[in-house]
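Visitor: Here is a sequence with its predicted model. Questions after.
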Amino acid sequence: MKNPPIFSLKEIRKRRKEKQFKGNNVVCSICNATYSKFGVFGKQDRPNAQCHNCGSLERHRLIWKYIQDKNVLEHTVRLLHFAPEKVFYEIFSTSENLEYYPCDLYPDLYTYGGTMKIHKVDITEIPFEDNYFDFILCNHVLEHIENDHLAMSELYRVMKPSGSGIFQVPLDYNREHTYEDLSITSKKGRLKAFGQKDHVRWYGQDYKDRLTKMGFQVTEDDFVSTFSAEEQFKFGLDPKEKVYWCKKC
Ligand SMILES: [Zn+2]
């Protein structure tokens, strides 16, 4: 007699959710799965946030739509990717027209099991020559870096002229100026001041200016508003999230 298939706990949970949220109200722009709605996610239980299949969040689906809209990956591209998100790593590492460099300061923390190695890279001292990358993806990294000016100048240095990048950060639009205090070093203190124990600042409305000062031509793109409210729900997008599209001219 044939043994019944054995599923991991993760797989069982996923199947259960797929059954619970069966439907066609929302569609994931990354894996194309459809559901009645996406799952809740985050400390404040954001509704309609996480894809039950690939795990993508609002920002991943927005960026993916943006990358496609800008035709970033239409041609052969040398791509540098900091803190590589699994959903993107899986696409990029198997894409034939990409020369892909996933990297992080702590590559050992990644257990994606993919064939492509994640390089150990300090964003304030990027070990590549000037003008090397066509495209750089660096999402939710700079808020962890004490000297973010140096990190931004390094991103600028290794980007090719006419190259581009997307550099998303958690941003508090109620703040005119970025709030940082490097004397706060404890986990508890950082959690209280910056909302997360390993963040070193709250970026404010001047985030764009910080990037501009380093030489980037920055488009603070309200791309999400090109979608109707119904479409924003359907694709599980955050209506407040802007895309920081940075070019080196
Ligand atoms: Zn998905």
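Guide: Alright, I've got the coordinates.

Visitor: care to break the protein down by domain?
Guide: Residue ranges for the domains of the chain, per automatic domain parsing: 8-56, 57-247.

Visitor: The shortest one near the ion anywhere?
Guide: Yes - where contact is defined by CB under 5 Å from the ion, part of domain 8-56 touches the ion, namely C28, I30, C31, A33, C51, N53, C54, S56. Heads up, the C-betas are built off the backbone N, CA and C, glycines and all.

Visitor: quick one: contacts for the first one?
Guide: Contact partners of C28, counting by CB atoms under 8 Å, 6 or more residues apart in numbering, are T34, F38, C51, N53, C54, S56, R61, F235, G236.

Visitor: now swap in the second one and tell me
Guide: I30 sits next to C51, C54, S56, H60, R61, W64, V87, I91 when contact means CB under 8 Å, 6+ apart.

Visitor: Contacts only, for the residue nearest to the fifth one when sequence neighbours are not counted.
Guide: Right, the one you point to is R61. Take R61 and drop its neighbours on the chain: the residue closest to it by CB to CB, 6 or more residues apart in numbering is S29, 4.6 Å away. Each residue near S29 by CB under 8 Å, 6+ apart is listed here: R61, W64, K65, F235.

Visitor: So what touches stretch 105-123?
Guide: Outside stretch 105-123, the residues touching it (CB under 8 Å, 6+ apart) are 82, 84, 86, 89-90, 93, 100-104, 127, 138, 141, 145, 151, 154-155.

Visitor: Among the contacts of S29, which one lies nearest to the ion?
Guide: Comparing these against the ion with CB to the ion places R61 closest, at 7.7 Å.

Visitor: any idea whether the closest one is helix, strand or coil?
Guide: What DSSP: H, G, I helix; E, B strand; the rest coil gives for R61 is helix.

Visitor: if I look at it, how far off is V243?
Guide: Distance of R61 to V243, given as CB to CB, to the nearest Å: 12 Å.

Visitor: what's near enough to touch the most centrally placed residue in the chain?
Guide: The centroid of the chain falls nearest to N139 when counting by CA atoms, centre = their mean (3.9 Å). For N139, the contact set (CB under 8 Å, 6+ apart) comprises R59, I63, F82, A83, E85, I166, F167, Q168, V169.

Visitor: Mind checking which of those land in strands?
Guide: Judged by DSSP state E, strands contain the following of the contacts of N139: F82, I166.

Visitor: so which helix or strand takes in L73?
Guide: Using DSSP states H and E, L73 sits within no helix or strand.

Visitor: err, F88, not the other one
Guide: Element membership for F88, per DSSP H and E: helix 86-92.

Visitor: same check, this time on E18
Guide: helix 9-20.

Visitor: Within range of the ion, give me the residues from the chain.
Guide: C28, I30, C31, A33, C51, N53, C54, S56.

Visitor: Is the third one in contact with G55, as I believe?
Guide: No - counting by CB atoms under 8 Å, G55 is not a contact partner of C31; they are 9.1 Å apart.

Visitor: and for those two, which residues touch both?
Guide: Joint contacts of C31 and G55 (CB under 8 Å, 6+ apart) are V87.

Visitor: ok, back up a step: and the contacts of stretch 105-123, which of them are buried?
Guide: Among those, the ones that count as buried by 16 or more other CB atoms under 10 Å are 82, 84, 89-90, 93, 100-104, 138, 141, 145, 151, 154-155.
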